[in-house]
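K.L.:
Would you be able to build a 3D model of this:
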Amino acid sequence: MNFHNERIEEVRIVLGGVAPIPWRVKNAEGILQGARLTEGIVARAAKEDLSDARPLRDNQYKVLLAKSLIEKALLTFLPH
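P.N.:
So this is what the prediction gives:
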């Protein structure tokens, strides 16, 4: 993730272990692009990206897992 004037200039998010191949989280990237990084925008990006997720019968937990992983990873970029 790259920043310019406190806004996200470039972001790429890829998840492994939630699909047969690494899964790029493009909807979340689009929400974050140009935004200021806040807890609210992070939660929105994670939720919106997974709104279309269609897990297999025994993999429903992976949607919540992916949401949590996206949020946790992005929140590490917040200034302390």
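
K.L.:
residue ranges of the helices in the chain, please?
P.N.:
Taking DSSP state H as the test, the helices found in the chain are 26-32, 39-49, 61-75.

K.L.:
Which of the residues in the longest one are classified as buried?
P.N.:
When you say that, I think you mean helix 61-75. For helix 61-75, a neighbour-count test (16 or more other C-beta atoms under 10 Å) marks 62, 66, 67, 69, 70, 71, 74 as buried. For the C-beta atoms, the positions are set from N, CA and C on the backbone; glycine is no exception.

K.L.:
and what of stretch 21-33?
P.N.:
In stretch 21-33, residues buried by neighbour count (16+ other C-beta under 10 Å) are 23, 25, 27, 28, 29, 31, 32.

K.L.:
And stretch 52-62, by the same measure?
P.N.:
53, 62.

K.L.:
Columns distance to residue 9 on top of the helices of the chain, output as JSON lines?
P.N.:
Output for the helices of the chain, formatted as JSON lines (distance: least, C-beta to C-beta, whole Å):
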{"stretch": "helix 26-32", "distance to residue 9": "10"}
{"stretch": "helix 39-49", "distance to residue 9": "14"}
{"stretch": "helix 61-75", "distance to residue 9": "15"}
